[in-house]
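Engineer: Structure of the sequence below:
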Amino acid sequence: MISLSHVSTTFAARGRQPLTAVDDVSLEVPRGSIQGIIGFSGAGKSTLLRNINLLERPTSGRVSVGGTDLTSLDDTALRRARHQIGMIFQGFNLVNNLSVAQNVELSLKFAGVTSRRERQARVSEALEIVDLTEKTSVYPAQLSGGQKQRVAIARALATRPEVLLCDEPTSALDPFTTATVLQYLADVNREFGITVVIVTHEMEVIKALADDVAVMEDGRVVEEFPAAQLRREGFDPQTSIGKYLLSDGITLDRRSNAESGPASAPRVASSDPDAGSDADPDRSAQATLAGSVGGVR
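Structural biologist: You can find the predicted model right below:
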């Protein structure tokens, strides 16, 4: 369904060396699957996600969605192709002076759905999917974070896309609300066969939702494996970045200065029983707390 072939994205910086955010990435995402992309901040995850719908055009390489090479399309054809690719963001991106229904309808106007009756029918359909029909006339300021993200999901679904791109959709949510949002994404994938690509730094999100995992570091995909492996006791990722992301949490040195001497960096509690107690301080400082996301798939 989604094919990335040797995709690279480089940003020019005046007076400095160019920055390569995505470096020669090739990735295949089967139709109807849920692909997780995980890595620390700055790994290139979000840039790669935006490469899929060419919101960020790659410097080189090929991006194909549904058999169409998006990188070869002119602007008009690309806008048309994007109607089949929905996207939700970490920050919801709702228009504050529009109601819930109007926010969802906005995506249909941009997609060229001219019939008001059809737009209203699709809005109702999308809000029903995320159980927000009673919030039709409510404005974003009156919604919780989880409800705002559900509106964003409805907005993306209203155009009836084949692909749904999710950029850190749960990072601003509490664990219970995270589980709720992930359940809606799982339901959408199962009931409508929509291919989902989710970018996150939370391994618990990947464990709960994804079928396959790509681990990114420094703009490259450094490891891939089925998400089912994460639920298998004794699974040990092959790369150091994978091991850190699978770690059990963060261990801090809480001794007094007199006891501990110079300040020490946080240590990652490793899932590898044979791992040493000390970790690379730079990597340790980036480790994420092990979350608690249950009840999803």
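Engineer: Okay, strands next: where are they in this structure?
Structural biologist: Here the chain has its strands, by DSSP state E, at 2-11, 19-29, 34-38, 60-65, 68-69, 85-88, 163-167, 195-200, 212-217, 220-226, 249-251, 267-269.
Engineer: right, and the ones you listed - which one's nearest residue 185?
Structural biologist: strand 195-200 (6.1 Å; Cβ to Cβ). Where C-beta positions appear, they are placed from N, C-alpha and C, glycine not excepted.
Engineer: Can you give the strand pairings for that closest one, parallel or anti for each?
Structural biologist: Paired with strand 195-200 in the same sheet, following DSSP bridges, are strand 34-38 (parallel), strand 163-167 (parallel).
Engineer: quick one on the thing from earlier: including mean pLDDT and distance to residue 238, could the strands of the chain go into CSV?
Structural biologist: Compiled in CSV, the strands of the chain are given as follows (pLDDT from 0 to 100; distance: least, Cβ to Cβ, whole Å):
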stretch, mean pLDDT, distance to residue 238
strand 2-11, 97, 21
strand 19-29, 97, 17
strand 34-38, 97, 14
strand 60-65, 97, 25
strand 68-69, 96, 32
strand 85-88, 94, 31
strand 163-167, 96, 26
strand 195-200, 97, 20
strand 212-217, 95, 9
strand 220-226, 95, 6
strand 249-251, 63, 22
strand 267-269, 49, 17
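Engineer: Could you save the ones you listed as TSV and add columns showing distance to residue 119?
Structural biologist: Shown next, in TSV, are the strands of the chain (distance: least, Cβ to Cβ, whole Å):
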stretch	distance to residue 119
strand 2-11	28
strand 19-29	30
strand 34-38	28
strand 60-65	25
strand 68-69	26
strand 85-88	16
strand 163-167	20
strand 195-200	24
strand 212-217	35
strand 220-226	39
strand 249-251	47
strand 267-269	49
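Engineer: Please name whichever of those strands is nearest to residue 153.
Structural biologist: Short answer: strand 85-88, nearest of the strands of the chain by Cβ to Cβ, at 5.8 Å.
Engineer: Could you count how many residues lie near residue 237?
Structural biologist: Counted by other Cβ atoms under 10 Å, the residues lying close to residue 237 total 20.
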